[in-house]
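S.K.: Got a sequence here, can you model it:
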Amino acid sequence: LKLVFQCGRHIQMNIREEQEKREHLIFSPYASFSDESRGRDRDEEPCPMRTIYQRDRDRIIHCKTFRRLKHKTQVFLAPEGDHYRTRLTHTLEVAQIARSIARALNLNEDLTEAIALGHDLGHTPFGHQGERTLDDILSGKIDAGIILVKHEDNKGLNEKKCSKISTEDLLQKRCFGGFKHNYQSARILTELEEKYKEHPGLNVSVQVVEGVLKHTKLKLNEIEISDFLSEEYISKIKFNKGKEVQVCSSLEGQVVAIADEIAQRGHDVDDALTSGVMTINELLDRFAIEKCSVLRSRIEEEIENINNSAYSIVDREELKTARIVSIIINYFVENTIKHSVENIDNYQYLGEITMDNEIKIIEFPEDVEKVNDYLEKVVQKKVICNSEVARADYNASMIVQTLFKKYYCNPIHSFCGKYYERWI
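M.R.: Numbers count the residues shown, from 1 in each chain. Model (predicted):
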């Protein structure tokens, strides 16, 4: 607490309340104000120092799942050296990009950062290949030793007979619901993390959970959201089963979703160039079309400056790659901010933003969206056709399948210490 001098006398003011008042002075009217949050699953006494979103951010940073991200590889090839990406470095890059966009748009940076730091907590190792494999196992596409027993009446008699449910039945019924990392991220935040005696999970705010869930596509018709999230949270978040892409109601959540996309484009190019799957000249050849002309000219100018530099550069090719990635990220960030400002100006006629908002406001302009789609396809095509990448994906899938079988057949192996005592 601090003392504020007003009207000739000292008045005790809560620091959190002071920050909340400041938000209403400097934020966009369409930002998510801390004192207007939908709250948490379980009510808590507010902190006198930090806003609700600042507490959410801090809880995520200090949880064990966040620290474990450093061991989950992000790159598509087997990592070598000390400079490969992990899920943790990717998360930090997304947070940086998201905060830059949020600040430019006068949105709530604390909420933005909390969503960004928590968006990939539930991701598997080995990137999306690990995620696909686990989903295939849990939906029955891959036989990983799951045994279910069904009981059937024996021709009207009182006796019952048992039979195994086939893999085909498992696939059809999706008995285990499948897997997607954004669902699991929400489950970690609300249930699996254990840091408080009063409740499971981190008890983060509804806006953070919604942003984490909706930063990528949901499979509402395939994976039951109730398998991962409590009814208390579900009742406060709007889901539209008729749409594949669920738009986050808060602009901060939308910012994180597009920041994740921008960071991924930077990763794709960096990984492709660094691994040798694609050369710089090949990339420039792919950009020799009208829709990529601005991006190509910026890259060519930067490469020429590096070639003509009198500065002693240890590795010019490595520097060129770093500058190309920086140019690509900056290109998408700049255009996102400019277009979103226009959308926000137009939105003023629609009224205030609520949890029912389904209008996408933070987005690429149409021409930049085409560049994003094109760049993703170009790099991914080179990656998919690469034998080393295919071998790495196969190995990743086998590792996930083997681990699943071991733990499924011997569940005691997944428990140790206090967890083992609780399990028995």
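
S.K.: Could you use CA atoms for every contact and neighbour count after this?
M.R.: Fine.

S.K.: what about the stretch 101-250 of the chain, any weak spots by pLDDT?
M.R.: By pLDDT under 70, the low-scoring segments of the stretch 101-250 of the chain are 146-176.

S.K.: where do the strands sit along the stretch 1-150 of the chain?
M.R.: In the stretch 1-150 of the chain, the segments counted as strands under DSSP state E, counting those that start in this stretch are 2-6, 9-13, 149-153.

S.K.: Would you check that C292 makes contact with N372?
M.R.: No - C292 is not in contact with N372 according to CA atoms under 8 Å; the separation is 9.6 Å.

S.K.: what's the residue nearest the centre of the chain in contact with, if anything?
M.R.: Centroid-nearest residue in the chain: H119, 3.3 Å away (criterion: CA atoms, centre = their mean). Applying CA atoms under 8 Å, 6 or more residues apart in numbering, one finds that H119 lies in contact with T91, N182, S185, G211, V212, L213, H215.

S.K.: In JSON lines: those, plus distance to E376.
M.R.: As requested, the contacts of H119 are arranged in JSON lines below (distance: CA to CA, whole Å):
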{"residue": "T91", "distance to E376": "19"}
{"residue": "N182", "distance to E376": "21"}
{"residue": "S185", "distance to E376": "25"}
{"residue": "G211", "distance to E376": "23"}
{"residue": "V212", "distance to E376": "23"}
{"residue": "L213", "distance to E376": "23"}
{"residue": "H215", "distance to E376": "18"}
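
S.K.: Tell me the one of these nearest I280?
M.R.: Sorting those by distance to I280 puts T91 at the head of the list, at 26.2 Å, by CA to CA.

S.K.: in which helix or strand would I find N305?
M.R.: Secondary structure assigned from DSSP states H and E places N305 in helix 293-307.

S.K.: ok, and what's touching that helix?
M.R.: With contact meaning CA under 8 Å, 6+ apart, helix 293-307 is reached by L284, F287, A288, R316, K320, R323, I324, I327, I328, Y331.

S.K.: Would you mind checking those for buried ones?
M.R.: For these, burial is judged from neighbour counts taken by 16 or more other CA atoms under 10 Å, and it is met by L284, F287, K320, R323, I324, I327, I328, Y331.

S.K.: Mind checking which of the residues you listed are in strands?
M.R.: Using DSSP state E, no member of the buried ones among the contacts of helix 293-307 falls in strands.

S.K.: Tabulate those (a markdown table), appending pLDDT and distance to L25.
M.R.: Below are the buried ones among the contacts of helix 293-307 laid out as a markdown table (pLDDT from 0 to 100; distance: CA to CA, whole Å):
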| residue | pLDDT | distance to L25 |
| --- | --- | --- |
| L284 | 94 | 46 |
| F287 | 92 | 44 |
| K320 | 94 | 43 |
| R323 | 96 | 38 |
| I324 | 96 | 38 |
| I327 | 97 | 34 |
| I328 | 97 | 34 |
| Y331 | 97 | 30 |
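
S.K.: Reformat those as a markdown table; add distance to K406.
M.R.: Conversion of the buried ones among the contacts of helix 293-307 to a markdown table gives the following (distance: CA to CA, whole Å):
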| residue | distance to K406 |
| --- | --- |
| L284 | 47 |
| F287 | 47 |
| K320 | 45 |
| R323 | 45 |
| I324 | 44 |
| I327 | 45 |
| I328 | 43 |
| Y331 | 46 |
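
S.K.: and which of those residues is nearest K195?
M.R.: Of all the buried ones among the contacts of helix 293-307, K195 sits closest to I328, with 39.6 Å by CA to CA.

S.K.: returning to that earlier point: biggest separation within the contacts of H119, which pair?
M.R.: In the contacts of H119, two members sit farther apart than any others by CA to CA. They are T91 and L213, at 15.2 Å.

S.K.: Neighbour count: the two, which is higher?
M.R.: Regarding T91 and L213, a neighbour count based on other CA atoms under 10 Å identifies L213 as having more, with 28 against 22.

S.K.: List the contacts of the more buried one.
M.R.: L213 makes contact with H119, N182, Y183, S185, A186 under the criterion CA under 8 Å, 6+ apart.

S.K.: run the last query once more with 7 Å
M.R.: By CA atoms under 7 Å, 6 or more residues apart in numbering, the contact set of L213 is N182, Y183, A186.

S.K.: Weed out the non-buried ones from the residues you listed.
M.R.: Buried by 16+ other CA under 10 Å: N182, Y183, A186, out of these.

S.K.: what's the spacing between the second one and K219?
M.R.: Separation of Y183 from K219 (CA to CA, to the nearest Å) stands at 10 Å.

S.K.: quick one: contacts of the helix or strand containing A272?
M.R.: Of the helices and strands defined by DSSP H and E, A272 is found in helix 251-275. Contacting residues not belonging to helix 251-275 are listed as 31, 75, 93-94, 97-98, 101-102, 107-108, 111-112, 115-116, 211, 215-216, 248, 278-280, 321, 325, 328-329, 332, 362-363, 376, 379 [CA under 7 Å, 6+ apart].

S.K.: Not counting its neighbours along the chain, what's nearest P125?
M.R.: The shortest distance from P125 to any non-neighbouring residue, by CA to CA, 6 or more residues apart in numbering, is to K72 (4.5 Å).
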